[in-house]
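> how would this look folded up:
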Amino acid sequence: RATPLCEQGRLVLSLCDEDLAGRAGLECLDAESGEVRWQISTDASVKNSAVSAGDGCLTAVSVTGRLYLVDGNAGCVQWEADLPGFPERWIYTAPTVADGVVYAGGKKGYGAYSVETGARQWYSELDSQDNWACYARPQVYGDLVIALIQRRGLVALHRQSGEIVWEQSLGVEYQYSTPVVTGDLL
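Residues are numbered from 1 along each chain as shown. As a prediction, the model looks like this:
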């Protein structure tokens, strides 16, 4: 269900491995030839897309809640960071990146992590659990990170503190796509 990341002549695929046979991770193909450039293993399946983090790097999060920053040229892990609750998370949501910060999480909560070091800047708990998988990636708008939280609605977190700025209840269950920001509309 993950859309491949296509940039800089490469196609990055998320790999699932529900049999826990060591095949979960990311695989990079040459976009022109289809030849494998590199493959890295992750602790568990990556259920959504890798995201560009700038300077040839990309970021992805495993279903269990481990966040990775990968050098997209060399195909090596730069750092790993465990979200609170790892390895008992249920994250199907791709991270998002803005201004040197990776925002990652799911229904249980979101955190902000430095692209450079992986250090956690804040974490905001939103629910007691992640169940009911949701594929909607959070969106950045000005000073806000706006997430679609299944069985809750839209939650806008302040990008510097993680505090809830506003919330809009919606009748959403799970497996929704990413909201779109256009101009001043979501």
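> ok, residue 164 to residue 157 distance?
Applying Cβ to Cβ, to the nearest Å, the value for residue 164 to residue 157 is 6 Å. Backbone N, C-alpha and C define where each C-beta goes, glycine included.
> which residues are in contact with both of these two?
residue 124 (Cβ atoms under 8 Å, 6 or more residues apart in numbering).
> between those two, which one's more packed in?
A direct count of neighbours by other Cβ atoms under 10 Å for residue 164 and residue 157 places residue 157 higher, at 27 against 12.
> and that one, what element?
Using DSSP states H and E, residue 157 sits within strand 153-158.
> partner strands of that strand, parallel or antiparallel?
Strand 153-158 has the following sheet partners, assigned by DSSP bridges: strand 144-149 (antiparallel), strand 164-169 (antiparallel).
> Outside of the last one itself, list whatever touches it.
Identification of contacts with strand 164-169 by Cβ under 8 Å, 6+ apart yields 124, 144, 152-158.
> For that strand, list every residue counted as buried.
Judged by neighbour count (16 or more other Cβ atoms under 10 Å), strand 164-169 contains no buried residues.
> show me the contacts for the residue sitting furthest away from the middle of the chain.
Distance from the C-alpha centroid of the chain peaks at residue 33, with 27.6 Å (Cα atoms, centre = their mean). Counting by Cβ under 8 Å, 6+ apart, residue 33 makes contact with nothing.
> what packs against the strand or helix carrying residue 13?
Assigned by DSSP H and E, residue 13 belongs to strand 10-15. Based on contacts counted as 3 or more Cβ pairs under 8 Å, 6 or more residues apart in numbering; DSSP states H and E, the elements that strand 10-15 packs against are strand 5-7, strand 25-30.
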